[in-house]
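K.L.:
sequence unknown, structure follows:
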């Protein structure tokens, strides 16, 4: 009798510990998860999420269910006559603590909803070569990055458990050709990997470095400087004409026209593909007036 009472007491304590700690469950976003209630007793059951009741069940075949949280209205099913709860089309917001409880039973589940990982991306952040060897710094990343761990391997042997890996390859003719490195990204519900050759990756990343931006910037600065200088010259000519009167006012339009032609010619020189179709041409004689001999 004593041993029976002791065993009963230990089982009750274990049940309390299980209920207080809860069972961790990992699931994928967009998929489903099922909470199985073991040794369920009683006729009625209340499910709560983050401390708030979400549904009431009267066990039976079939069970009678009342859903009080609209976000679960069309996403829950009840296998095994209500002794299990399945949530469909999981969202990240479904993560949290679920508690199934009645007067005689209690069981807690802690749900973690994760996104399935995409294929990791490996980039070459820096590299350096000498006569004897080359060193490459590789960086592995995934989107989204949260809750992800990384694992590097070479020839199926572990190399590192960090996102970054320093690779040193010897440059000796007697050495065999280097094998690729593999980065594996993991979270609790998925695992993806990418395999790369460091030398090829770093050479490719170097070839993709843009060189046209600097040229374009210098080209733009040259054009802007030329235009500003030409406009300044035009302003000086106009001021000199008006103040000193060395050139008569009727010649002012001709000066402006000449400066305008110089400006348009400069733009056509720098941008040969953009030719103006509105340059002023020679004036035609007025209608009804004969040309002078």
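P.N.:
Yes, it's here. Since the model is a prediction, treat every value here as computed from it, not as a measurement.
K.L.:
tell me the pLDDT at the closest residue to residue 144 other than its chain neighbours?
P.N.:
Leaving aside its sequence neighbours, residue 144 sits nearest to residue 115 (CB to CB, 6 or more residues apart in numbering; 6.0 Å). C-beta coordinates here come from the backbone N, C-alpha and C atoms, glycine included. Note on residue 115: pLDDT of 93.
K.L.:
repeat for residue 188
P.N.:
Note on residue 188: pLDDT of 93.
K.L.:
burial count for the residue nearest to it when sequence neighbours are not counted?
P.N.:
With sequence-adjacent residues excluded and distances taken as CB to CB, 6+ apart, residue 188 is closest to residue 26, at 4.1 Å. For residue 26, the neighbour count with other CB atoms under 10 Å is 15.
K.L.:
what residues are bridge-paired with residue 26?
P.N.:
residue 112 (DSSP bridges).
K.L.:
look at it and report its pLDDT.
P.N.:
Looking at residue 26, its pLDDT reads 96.
K.L.:
need the contact list for it.
P.N.:
Neighbouring residues of residue 26 by CB atoms under 8 Å, 6 or more residues apart in numbering: 112, 114, 188-189.
K.L.:
could you rerun that using 6 Å?
P.N.:
Counting by CB atoms under 6 Å, 6 or more residues apart in numbering, residue 26 touches 112, 188-189.
K.L.:
what about it, distance to residue 143?
P.N.:
To residue 143, residue 26 is 20 Å away according to CB to CB, to the nearest Å.
K.L.:
touching, residue 125 and residue 139? I think so.
P.N.:
Yes: judged on CB atoms under 6 Å, residue 125 makes contact with residue 139 at a distance of 5.1 Å.
K.L.:
those two: who's more crowded?
P.N.:
residue 139 (16 against 11).
K.L.:
now do the SS call for the more buried one.
P.N.:
Under DSSP: H, G, I helix; E, B strand; the rest coil, the three-state class of residue 139 is strand.
K.L.:
same question, residue 40
P.N.:
coil.
K.L.:
count of residues packed around the closest residue to it other than its chain neighbours?
P.N.:
Spatially, and ignoring its direct neighbours in sequence, residue 40 is nearest to residue 83 (4.9 Å; CB to CB, 6+ apart). Neighbourhood size, residue 83 [other CB under 10 Å]: 18.
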